[in-house]
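1. The sequence and its predicted three-dimensional model are supplied below.
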Amino acid sequence: MTVSATAAPEGPRTAPPALTDGLEAERLLADLAARLRAGALVPYLGPALAQVSPDLPEAPVTHEALAEFFAAKVALPRRAKGNAWAAAQHIESTRHRSTVSALMAEAFRAPMAPTALHHHLAALGVPLIVDTWYDGAMRAALAATATVWGEVQGITRAGIGEDRWYRFYDAQGQETGRDAAETWDTILYKPHGGVDPVRNFLISDADYVEVLTEIDIQTPIPDIVKERRRGRGFLFIGCRFHDQLLRTYARQVSKRSGDRHYVVVEPGDLTRNEVKFFSAHGLVPVAVPLARAVSILCG
């Protein structure tokens, strides 16, 4: 069963509606930076954020690069090539789940250096940070501060024999519970899991089948995340939404929150479905190059 939608092209690229660009976009980002400092926005970080790291990351920084990593390790059928979720599912089906987990751990073994934005968010002590990639950069940035923080990660339910969707970890990487999380000033939410502290990964199609069945009624999303998003807008940075799975997560994680959200974009890279997604769900596209956007947000 395939849960992603990257196999078929989405058609010609086009400019998004109500695009904010130029000096207007930079002024808007400066305002959003102030709202971040006030805790009024939830930062939603995507894999591309690593591309502004001072050190060239060794780990994949796009889903396509992760798919290429899988293809370099295991012979894949044509239908699975170029699609990280389908590639992981093929490996899980033909080999074993442990092989998928081992390959993911290998892909993200080299620590990813936190960017200036990671450090800035960590120092701000914002109530909630959503990080959708598998690296440990945000965790490392938080660990370098005096902020009282902890993490909640999505987990695979495949073969674990538990009726759980996520686990809590304290700043030392020890598993804990909801009561402890209530005391944290900052919650780091990794809905797809992460390499640290214990290698939780949602990556294969099978990992997402139950999640996508339940996510519309919000069951897989921790209550503490639902509480901390309430009344706050979201700022999506380093994210792409060219796959239905990515759009679904963004929509459901930001559900029942503030009424206005913002997304930093490169207009020439957008697909038609991304443009439709922004329009349908009230995301204001802000056209500022990623490195410049990070500089403004950290200013």
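-> Thanks, I have the structure now.
2. so what pLDDT did the residue minimising distance to the centre of the chain get?
-> For the chain, the residue nearest the mean C-alpha position is residue 132 (1.5 Å; Cα atoms, centre = their mean). According to the prediction, residue 132 has pLDDT 98.
3. And the one 4 residues further on, by the same measure?
-> As summarised for this prediction, residue 136 has a pLDDT of 97.
4. now swap in residue 117 and tell me
-> Residue 117 carries a pLDDT value of 98.
5. low pLDDT regions in this protein?
-> Low-confidence segments of the chain (pLDDT under 70): 1-18, 158-163.
6. Give the bridge partners for residue 201, please.
-> When bridges are called by DSSP bridges, residue 201 pairs up with residue 193.
7. roughly how far apart are the closest residue to residue 185 other than its chain neighbours and residue 97?
-> Residue nearest to residue 185 in three dimensions, not counting chain neighbours: residue 148, with 4.6 Å by Cβ to Cβ, 6 or more residues apart in numbering. In this view, the C-beta of every residue, glycine as well, is placed from N, C-alpha and C. The spacing between residue 148 and residue 97, counted by Cβ to Cβ, to the nearest Å, is 35 Å.
8. which one of the two has more residues nearby?
-> Using other Cβ atoms under 10 Å as the criterion, residue 148 and residue 97 rank with residue 97 on top: 19 against 13.
9. Which parts of the stretch 51-200 of the chain are strands?
-> 128-131, 149-154, 166-170, 175-176, 186-190, 193-194, 200-201 (DSSP state E, counting those that start in this stretch).
10. residues contacting the nearest residue to residue 230 once chain neighbours are set aside?
-> In space, and not counting its chain neighbours, residue 230 is closest to residue 257: 6.3 Å by Cβ to Cβ, 6+ apart. Residues near residue 257 by Cβ atoms under 8 Å, 6 or more residues apart in numbering: 42, 229-234.
11. and the spatially closest residue to residue 242 that is not a sequence neighbour, how many neighbours?
-> Leaving out its chain neighbours, the residue that sits closest to residue 242 by Cβ to Cβ, 6+ apart is residue 271, at 4.8 Å. Number of residues near residue 271 (other Cβ under 10 Å) recorded here: 18.
12. quick one: the residue nearest to the centre of the chain and residue 249 touch, right?
-> Yes - contact status for residue 132 versus residue 249: in contact at 7.0 Å, counting by Cβ atoms under 8 Å.
13. Find the residues that touch each one of these two.
-> Both residue 132 and residue 249 are contacted by 191-192, under the criterion Cβ under 8 Å, 6+ apart.
14. Okay, helices next: where are they in the stretch 101-250 of the chain?
-> Under the criterion DSSP state H, counting those that start in this stretch, the stretch 101-250 of the chain contains helices at 116-124, 137-143, 178-181, 205-214, 223-229, 244-253.
15. just the ones you listed: most buried one?
-> Of all these, helix 137-143 carries the top mean neighbour count, a mean of 23, counting by mean count of other Cβ atoms under 10 Å.
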